[in-house]
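> need a 3D model of the following:
(one chain, ligands or ions: 1)
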Amino acid sequence: MITAQNITFSYRDGQRRLPVLQGISIHISRGEWVALTGANGCGKSSLVRMFNGLSIPAAGSLHAAGLDLRSAVNRTAVKQHIQLVFQNPESQNIGSTPYEDVAFGLENRGLPPDEMDAQIRRVLQQVGLAHKWADDITTLSGGERQRLAVACCLALQAEMIIFDEATSMLDPAGRSRIMALARELWRRGTTILWVTQRPEELAESPRVAVMEQGTLRYDGDPRTLFYSSGLPELLGWEPPPVIRIGRLLQSRGWPLGLLPLSELELEAVL
Ligand SMILES: Nc1ncnc2c1ncn2[C@@H]1O[C@H](COP(=O)(O)OP(=O)(O)OP(=O)(O)O)[C@@H](O)[C@H]1O
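Predicted coordinates for the structure are as follows:
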């Protein structure tokens, strides 16, 4: 789905170049769930914006959904396949009602009006916003706006959705709801790139990529990350409680068949 090889990227400030990404290589296959993490300002958003054509690597090669993103035409085309849900819900809704917002993305698809109408209603239903279809968009809560952004991705039948800290401004209930929607889409085959700062979300992901100052520091499974990479200590993370207990048991020489990542796994080893 994504193949990035040795990509670099800088912002410009007048004559000054601000290097942000240095030699990042990553491959994400179709159908994967990958969590991407790293400290504020390490370059996560700069990287994922490239994946749906919003910016261009200064060097290296980048293919997404089979398209070479060095081409401007492909950077436009890739948005039909890969969608981004941003951190700030207010920055991504463009219609004045939820119905209009979803319709906007479908406008260039050339669908007959009744088919388009059915599709809009279906995706609003799917994210639990059918009853708010005609509401003034500014009256929606942050969580509802994020669900609306997911509805837009669903309408476009995106093959991959990148959630760029999409739940960081939501309350726990809103966060769970977006996570549940993302998991459901993943189960049905959508590739998910889940950008997060929350260690418990890393523990629940099959694969975790960790960035540090514009480089990819770790790319692998969460068990190795939390129990033997030494990175959480190095980066000053507070591991989730289950992992703290698992590490304590490990350090006391408990014979753990499985290093637990979840409450269920912890229960199984005790
Ligand atoms: N448009 C811009 N112009 C100049 N510098 C920028 C721009 N956008 C981001 N930066 C800088 O690039 C670096 C990487 O930013 P980026 O937003 O990619 O990091 P991030 O890991 O997503 O951070 P966060 O977790 O805070 O969202 C930061 O130092 C940031 O200040």
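
> so what's the residue lying closest to Tyr99 once chain neighbours are set aside up against?
Using Cβ to Cβ, 6 or more residues apart in numbering and skipping the chain neighbours, the partner closest in space to Tyr99 is Trp133 (4.6 Å). To be clear about C-beta, it is placed using only N, CA and C from the backbone, and glycine gets the same treatment. Counting by Cβ atoms under 8 Å, 6 or more residues apart in numbering, Trp133 touches Thr97, Pro98, Tyr99, Ile120, Arg121, Leu124.

> now with 7 Å?
Thr97, Pro98, Tyr99, Leu124 (Cβ atoms under 7 Å, 6 or more residues apart in numbering).

> now swap in Tyr218 and tell me
Going by Cβ under 7 Å, 6+ apart, Tyr218 touches Val208, Ala209, Val210, Leu225, Ser229, Leu231.

> ramachandran angles for the fourth one?
Backbone dihedrals for Leu225, given as degrees, to the nearest 10, come out at phi -60, psi -50.

> any idea how far the ligand is from it?
18 Å (Cβ to the nearest ligand atom, to the nearest Å).

> quick one: that residue and Leu235 touch, right?
No - using Cβ atoms under 7 Å, Leu225 is not in contact with Leu235, being 10.4 Å away.

> settle it for me: which of the two has more neighbours?
Set side by side, Leu225 and Leu235 show more neighbours around Leu225, with 28 against 15, by other Cβ atoms under 10 Å.

> pull the number of nearby residues for the closest residue to the more buried one other than its chain neighbours.
Of all residues not flanking Leu225 in the chain, Val208 sits nearest, at 5.4 Å (Cβ to Cβ, 6+ apart). Residues within reach of Val208, counting by other Cβ under 10 Å, total 27.

> cool, Ser46 as well?
19.

> between the contacts of Tyr218, which sits nearest the ligand?
Closest approach to the ligand among these (Cβ to the nearest ligand atom): Val210, at 11.3 Å.

> on that earlier part again, so how far is Ile178 from the residue nearest to Leu225?
19 Å (Cβ to Cβ, to the nearest Å).

> still on that earlier bit, farthest pair within the contacts of Tyr218?
Ala209 and Ser229 (12.4 Å; Cβ to Cβ).

> neighbour-wise, which of the two wins?
Between Ala209 and Ser229, counted using other Cβ under 10 Å, Ala209 has the larger neighbour count: 24 against 17.

> need the three-state assignment for the more buried one.
Three-state call for Ala209 (DSSP: H, G, I helix; E, B strand; the rest coil): strand.

> tell me what it is bridged to.
Legend: beta-bridge partners of Ala209 under DSSP bridges are Leu36, Asp219.

> that one and Val34 touch, don't they?
Yes - counting by Cβ under 7 Å, Ala209 touches Val34, with 6.0 Å between them.

> quick check: buried residues in the helix or strand Glu267 falls within?
According to DSSP states H and E, Glu267 maps onto helix 263-269. Within helix 263-269, the residues scored as buried using 16 or more other Cβ atoms under 10 Å are Glu265, Leu266.

> show me what it is packed against.
Contacts defined by 3 or more Cβ pairs under 7 Å, 6 or more residues apart in numbering; DSSP states H and E place helix 263-269 against helix 241-251.

> please name every helix or strand in contact with the helix it packs on.
Under the contact rule (3+ Cβ pairs under 7 Å, 6+ apart), helix 241-251 is packed against helix 222-227, helix 263-269.
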